[in-house]
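[1] Attaching a predicted model along with its sequence, questions to come.
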Amino acid sequence: MSERLEDIAAAMVADGKGLLAADESSGTIKKRFDVIGVESTADSRRDYREMMFRAKEAMTRYISGVILYDETIRQKAADGTPLVDIIKATSAIPGIKVDAGAKPLAGYPGDTITEGLDGLRERLADYYRLGARFAKWRAVIDIDVAKGVPSATSIGSNAHALARYAALCQEAGIVPIVEPEVLMDGAHDIGTCYEISKATLTELYTELYAARVVLEGTILKPNMVLAGKKSGKTSSPEEVAEKTIKLFRETVPAAIGGIAFLSGGQSDEEATANLNAINAIGPHPWKLTFSYGRALQAAPQKAWSGKAANVAAAQAAFAHRAHMNHLAALGKWQPELEQAA
Ligand code: 13P
């Protein structure tokens, strides 16, 4: 495969393909395993992820790349094959989460700043040697308007960190996924999500430009424009699509490599229906696909439940969600296809 940043980025958003976000930190995967009653150990985490990476047909057809966690990129399958080699054998590209997580922003209660820039140049060189050709950094922007969250300082600091990360990635020959996630956890309405997302993306592209990041060699991983979960409102896919595309037209340069959404706490089907509605109102200046964690893994996690005997059923559940999101990335999904499974 070509090693040019813009070619890697284009492959990440190839028609009908998207990213599997399997980069849960050890803390997050433990929470997921607690739900299915599985003890989180290096081996159980390996077995679980190996199950998905070995779903060969789904991986080959629908998955352009996999975002890994530091532990996983160094792990070997039960038979001794490096997990990275299993991923590469499906033609998917290995990627790596490189941020060190969102920490409280000093002086700004309720805001966070994502850490991980110190030593990043050296870590990127190591990850490149291990096979990673793209990376991910997630900034977290919560919304609590009554408390003044997010502050302009939080939006600015996170955008600046994303830009420094992105420049270091490109220096290392790695495509940066820039992820400024505006959370859907709050009680805000869809209009507030739109306004905060607009401020966030405007600041992000100002900082990427100032940092001399080559936009063609980047992927944006954004939230969709949605009402907060605690608002009790659900927006229709059509409204989500209309507001999300309006936002991007106003803030996201056409030059970028592509857009791959996070699912952010939407249900599996919601995440698929919304992505489908977004693509159905195209054509758009960018490719728009998925980079889902929860919305791709909730079903296979449940089906697997830590038992070797369930691997085939779990792979089938994973293949189904990947197939549905493949169709949504093309604007060709229909709700009836969910029942058919
Ligand atoms: P979700 O799709 O579960 O939001 O995870 C995607 C991700 O990688 C968040 O950083």
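    Sure, I can see it.
[2] can you pull the pLDDT of the closest residue to the ligand within the stretch 201-341 of the chain?
    Relative to the ligand, the nearest point of the stretch 201-341 of the chain is residue 293 (2.7 Å; C-beta to the nearest ligand atom). The C-beta positions use only the backbone N, C-alpha and C, and glycine is treated the same way. Predicted confidence (pLDDT) for residue 293: 98.
[3] That one reaches residue 261, doesn't it?
    No. Using C-beta atoms under 8 Å, residue 293 is not in contact with residue 261, being 11.0 Å away.
[4] Between the two, which is the more surrounded one?
    Each of residue 293 and residue 261 has its neighbours counted (other C-beta atoms under 10 Å); residue 261 has more, 28 against 20.
[5] got a list of what that one touches?
    221-224, 271, 275, 288-292 (C-beta atoms under 8 Å, 6 or more residues apart in numbering).
[6] Which ones among these lie within helices?
    Using DSSP state H, the subset of those located in helices is 271, 275.
[7] Dump the contacts of residue 261 into a markdown table; add neighbour count as well.
    Output for these, formatted as a markdown table (neighbours: other C-beta atoms under 10 Å):
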| residue | neighbour count |
| --- | --- |
| 221 | 23 |
| 222 | 26 |
| 223 | 24 |
| 224 | 27 |
| 271 | 26 |
| 275 | 33 |
| 288 | 25 |
| 289 | 29 |
| 290 | 32 |
| 291 | 29 |
| 292 | 26 |
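[8] and the contacts of residue 261, which of them are in strands?
    Judged by DSSP state E, strands contain the following of the contacts of residue 261: 288-292.
[9] Residue 103 belongs to a helix?
    No. Counting by DSSP: H, G, I helix; E, B strand; the rest coil, residue 103 is located in no helix; its state is strand.
[10] Wait, it touches residue 115, no?
    Yes. Counting by C-beta under 8 Å, residue 115 is a contact partner of residue 103 at 5.4 Å.
[11] Okay, strands next: where are they in the stretch 1-150 of the chain?
    Along the stretch 1-150 of the chain, the stretches classed as strands by DSSP state E, counting those that start in this stretch are 18-21, 63-68, 93-97, 102-104, 112-114, 134-141.
[12] Please work out which of the ones you listed is packed deepest.
    Among the strands of the stretch 1-150 of the chain, strand 18-21 has the highest mean neighbour count (mean count of other C-beta atoms under 10 Å), at a mean of 29.
[13] Any figure for the gap between the closest residue to residue 123 other than its chain neighbours and the ligand?
    Sequence neighbours aside, residue 98 is the residue nearest to residue 123 in space, at 6.3 Å (criterion: C-beta to C-beta, 6 or more residues apart in numbering). Using C-beta to the nearest ligand atom, to the nearest Å, residue 98 is found at 12 Å from the ligand.
[14] residue contacts, residue 98?
    Neighbour list for residue 98: 116, 120, 123-124, 127, 135-137, 165, 169 [criterion: C-beta under 8 Å, 6+ apart].
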